[in-house]
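K.L.:
Got a predicted model here, sequence first, then my questions.
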Amino acid sequence: MVRREFSYRGCGSMPRTLFAAAVVGLVLAAPAQARPVPVMPNVTYDHTVQWTPHGPLSLYVITAPRPGGLYSLNALLSNGTITGRETVTSMERDVSPRMTTIGVNGDFFNWNGGWPSGLLMQGGVVEHHAADSRAAVGIDTSGTLHVDRVPWTASWRGLSTTGHPIAQLNEPPRNNGFALFTPAWGPTTPPVKGVAAVLEPFPPAAPYRDLTANVTTYVSNSSVTIPRDGAVLVARGSAVPDLQSDAPTGGEITVRIALLPSWATVTDAVSGGPTLVKNGAPVANAHEALTPIQLNGRDPRTAIGQRADGSIVIVAADGREPGWSVGISNWDLALALVRYGCVNGFALDSGGSTTVALDGQLLNHPSDPTGQRPVAEALVIGYSGVYAPFVAPTISPNKDGFGDRELLSYKLVRPSAVTAQLTAPDGTARVLDSGAKAPGRYRISWNGTDAAGAPAPVGRYRWTITATDDLGRTSVADRTFTLDDTVGFLRVAHNARSVSFALTRDATIRVTIETVSGLVLRTIARGPRAAGPVRASWNGRDGRGKRVRNGTYIVQVASNSVIGLSKVRRAVSIRR
């Protein structure tokens, strides 16, 4: 048995049960029959609660086209630096001016320092070294997902032709070895006991090419400023004499980074693990160097895969909450990817790190008691076309203070020529905005009237925005909603002892008392009603006859008429 929901859960200082009411214009506003939810053109999102032998499992699934054109798969770095951590929602908000994103958390990370545990690439530049005996997932310029163990091979050479291995990139060096720090680390290197050679200028750390720089100065046993156009090569222990002799001040060194030949065109990558799907088959044990906690048990987990047609699938599961979601094993996560058609797949960080977010808004319920966990990276689908946030499913412009206006909005990330129009139930279109537009968010409030100011006809409306950007790419975003004035003027008495509302036409109604998370406690009225005033009463008890506790509840009136399904709701505080 599978129960599908639209009750999206929040966290942090806001209780999960209050979050759905607080996220304005997000997925919760999508019509209930739209499954899965189209969050942006050709990108969908679905949330299901599956009943398993272990308990409920809350599962989130994102699908997107093969990366390319308006779509990309991007690794985001917390705070724009290797050090420190940041929430996925915050990282998405950071990049919102240049792309609309939906995605999840990335790699495991160092809890105190924030650096990732394995390979990180952004825009074709390597920002952190690969992990030993671990796989990584990368996307190449053709939109193909690579899931492979990526050996770390990096070295530098100076006056001699001897290559010296670089063990770490943007991570504190181990003893008797070399570590390279680039501006991705942050403004200064960590303080280490050793010798640091400042390299300037130093090119971006792209693989498969000679990265040549001059040694401008040496610093010993202290933190070193990393030039914005340079890097710092640090040596510790027995590596110090090699650095000083082979790379004198004023001399030139060459750094070379190699990954896998098949990764020559990979632009973005993160690590994590384990590998879950290879050649369309689930992988029971990839024999990767991960801890038992990372490998075993039912936990919150995150994964990404690719179908044979190139489309991307991201799956995440909540866990560690027996009444909400018990979590998922890596094996079941692999099976889920295969069910969604993936020919390869890879797990990301798990546990309290598992996060799902859309354009900076949280969609899942992370398991940490404090809410969303700051992490090292995010892995997101990026979309650079016109984006229309969700609209309220129903507008009821009867001046009762509920749903009297519809907020119509769109977002551009590139300069674009725009036509934004509203199409009425009879097919007539009305342009509400047009012309050359700069990047930004545009909002129009519609009060349910036509161009002459008269009440607009009831029925289904479509909000459509067509944009052609400065690169000549055309994209279209649309949302639908209903103008339905069937039910209105909802009034709720003290402690919801009585509920009244008005119908403008005959309808079948259902009046429910619900928790703020959407759990129906009791239906207090239902069935056909004639147009006019309607009243229902409630004795303060749930469906089992037990008196409900003090707290905040929702009174919802649903009406089904010739126009369709319309709902109004009010929060009520029960205090005795």
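P.N.:
Received the coordinates, thanks.
K.L.:
which strands and helices sit next to the lengthiest helix in the chain?
P.N.:
Criterion DSSP state H: the longest helix present in the chain is helix 330-339. Contacts defined by 3 or more Cβ pairs under 8 Å, 6 or more residues apart in numbering; DSSP states H and E place helix 330-339 against strand 275-278, strand 281-282, strand 301-307, strand 312-317, strand 342-347. Backbone N, C-alpha and C define where each C-beta goes, glycine included.
K.L.:
Kindly confirm my reading that residue 248 is in a strand.
P.N.:
No - the assignment for residue 248, made by DSSP: H, G, I helix; E, B strand; the rest coil, is coil rather than a strand.
K.L.:
Which residues are in contact with it?
P.N.:
With contact taken as Cβ atoms under 8 Å, 6 or more residues apart in numbering, residue 248 is in contact with 158-159, 215.
K.L.:
Residue 173 now?
P.N.:
Here residue 173 is in contact with 167, 179, 192, 194, 234-236 (Cβ under 8 Å, 6+ apart).
K.L.:
and with 7 Å instead?
P.N.:
167, 179, 192, 194, 234, 236 (Cβ atoms under 7 Å, 6 or more residues apart in numbering).
K.L.:
go on, residue 202?
P.N.:
Contacts of residue 202 by Cβ under 7 Å, 6+ apart are 211, 213, 230-231.
K.L.:
Could you dump the helices and strands packed on helix 330-339 into a markdown table and include mean pLDDT and mean neighbour count?
P.N.:
Formatted as a markdown table, those follow (pLDDT from 0 to 100; neighbours: other Cβ atoms under 10 Å):
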| stretch | mean pLDDT | mean neighbour count |
| --- | --- | --- |
| strand 275-278 | 98 | 23 |
| strand 281-282 | 98 | 15 |
| strand 301-307 | 98 | 26 |
| strand 312-317 | 98 | 26 |
| strand 342-347 | 98 | 26 |
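K.L.:
Please name whichever of those strands is nearest to residue 289.
P.N.:
Residue 289 sits nearest to strand 275-278 of all the helices and strands packed on helix 330-339, at 12.2 Å, using Cβ to Cβ.
K.L.:
Okay, now the sheet partners of the closest one, with direction.
P.N.:
Next to strand 275-278 in the sheet, as set by DSSP bridges, lie strand 281-282 (antiparallel), strand 342-347 (antiparallel).
K.L.:
Tabulate the ones you listed in JSON lines, adding columns for distance to residue 135.
P.N.:
Formatted as JSON lines, the strands paired with strand 275-278 follow (distance: least, Cβ to Cβ, whole Å):
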{"stretch": "strand 281-282", "distance to residue 135": "15"}
{"stretch": "strand 342-347", "distance to residue 135": "7"}
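K.L.:
Compare these and give me the one nearest residue 150.
P.N.:
Nearest to residue 150, of all these, is strand 342-347, at 11.9 Å by Cβ to Cβ.
K.L.:
Touching whichever helix or strand comes after the closest one from outside, list them.
P.N.:
Downstream of strand 342-347, the first helix or strand assigned by DSSP states H and E is strand 356-358. Applying Cβ under 7 Å, 6+ apart, the contact partners of strand 356-358 are 26-27, 39, 45, 60, 88-89, 92, 102-104, 316, 363-364.
K.L.:
So which of the residues you listed is surrounded by the most neighbours?
P.N.:
Within the contacts of strand 356-358, neighbour counts (other Cβ atoms under 10 Å) peak at residue 88, which reaches 32 neighbours.
K.L.:
okay, now residue 162: neighbour count?
P.N.:
Residues lying near residue 162 (other Cβ under 10 Å) number 11.
K.L.:
How about residue 169?
P.N.:
26.
K.L.:
tell me the domain ranges of this protein?
P.N.:
60-147+268-383, 153-258, 394-483, 487-574 (automatic domain parsing).
K.L.:
Tell me which residues of the strand or helix carrying residue 499 come out buried.
P.N.:
Assigning secondary structure by DSSP H and E places residue 499 in strand 498-503. By neighbour count with 16 or more other Cβ atoms under 10 Å, strand 498-503 contains the buried residues 499, 501-503.
K.L.:
Stretch 430-448 now?
P.N.:
Applying 16+ other Cβ under 10 Å to stretch 430-448 flags 432-433, 437, 442, 446, 448 as buried.
K.L.:
So what's the model's average confidence on it?
P.N.:
Averaged over stretch 430-448, pLDDT sits at 97.
K.L.:
mind checking the end-to-end distance for that stretch?
P.N.:
One end of stretch 430-448 to the other measures 13 Å (Cα to Cα, to the nearest Å).
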